[in-house]
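> Give me a 3D structure for the following:
(chains A, B, C and D)
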2 protein chains.
Amino acid sequence: MTKITSCEVDTALELITGKWKHSILLVLINGDTLRFSELKRALPKISQKILTAQLRDLEEQDIVIRTVYPEVPPRVDYRLSEYGKTLIPILEAMNEWGMRHAERMRSN
Amino acid sequence: MTKITSCEVDTALELITGKWKHSILLVLINGDTLRFSELKRALPKISQKILTAQLRDLEEQDIVIRTVYPEVPPRVDYRLSEYGKTLIPILEAMNEWGMRHAERMRSN
DNA sequence: CCGTATCCATGGCGATACTG
DNA sequence: CAGTATCGCCATGGATACGG
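Residues are numbered from 1 along each chain as shown, chains lettered A, B, ... in the order given. Okay, the predicted model is just below:
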């Protein structure tokens, strides 16, 4: 077994933390390819500025693919890269753990 | 398959985010039962105040067990609860992912 | 030894307005 | 439609000093 190091965990953690990043990822997991406005609609409480910033971060890490269509009015869409999909098991593990945790806290 | 929800992922995420929480968990995973001073030594860059605060958080969530010995000088030790150990798979998954990500970024 | 108390810095987040 | 530009808040983190 490989020893878990703080540094490597950090790497993964940075990608999904930030108040919104994991929510964005989940929307993309469930929704396939989405336009900016669709993402915005799926996450009503995030401001445009933050949404843009987080998407740019994810793009820079090759997690998300951003496609710009040279049209008027502009069209841009976003989807998970194949690489980004490798994060799904982590999100699934956290989801399952979170459900059990909620239940545990409820039954106190 | 259960749909992953942002809310449940959030629950898990909150427990291991914060600049130091996951590092503390890793030290406890590898080190079993540790005194406060040992944790402090293992994480030289964290301030006493923050270390205390994060440990209290983890205790409150039943992730970590804090034991106070009524001695002079005081002795307090910390260990992962059985419940806390259920987080290990998540940390392992993130660790593995982080290693591959680092390698990927290196080979650009 | 294991904390609390105080005070301060920083940067992530956000509201709002504007633009190609 | 899909973004920048500005400005400001405040929560998290941190340095330092003190206390049981």
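> OK, contacts around A:Thr52?
By C-beta atoms under 8 Å, 6 or more residues apart in numbering or on different chains, the contact set of A:Thr52 is A:Phe36. Just so you know, the C-beta spots here come from the backbone N, C-alpha and C atoms, and that holds for glycine as well.
> what about it, which helix or strand?
helix A:48-60 (DSSP states H and E).
> which parts of chain A sit against chain B?
Selection of chain A residues close to chain B by C-beta under 8 Å from any C-beta of the partner chain yields A:2-13, A:15-17, A:22-23, A:26, A:29-30, A:61-62, A:83, A:86-87, A:89-102, A:104.
> Let me know the helix or strand that the residue most central in space within chain A is in.
The centroid of chain A falls nearest to A:Leu25 when counting by C-alpha atoms, centre = their mean (2.1 Å). A:Leu25 belongs to helix A:21-31 when assigned by DSSP H and E.
> is DNA strand D contacted by that helix?
No. On the criterion C-beta under 7 Å from any atom of the strand, helix A:21-31 is out of touch with DNA strand D, staying 12.3 Å away.
> mind listing what's buried in that helix?
For helix A:21-31, burial by neighbour count (16 or more other C-beta atoms under 10 Å in any protein chain shown) applies to A:21-29.
> ok, now stretch A:47-57?
Judged by neighbour count (16+ other C-beta under 10 Å), stretch A:47-57 contains these buried residues: A:51, A:54-55, A:57.
> In chain A, spot the helix with the most residues.
Assignment by DSSP state H gives helix A:88-106 as the longest helix of chain A.
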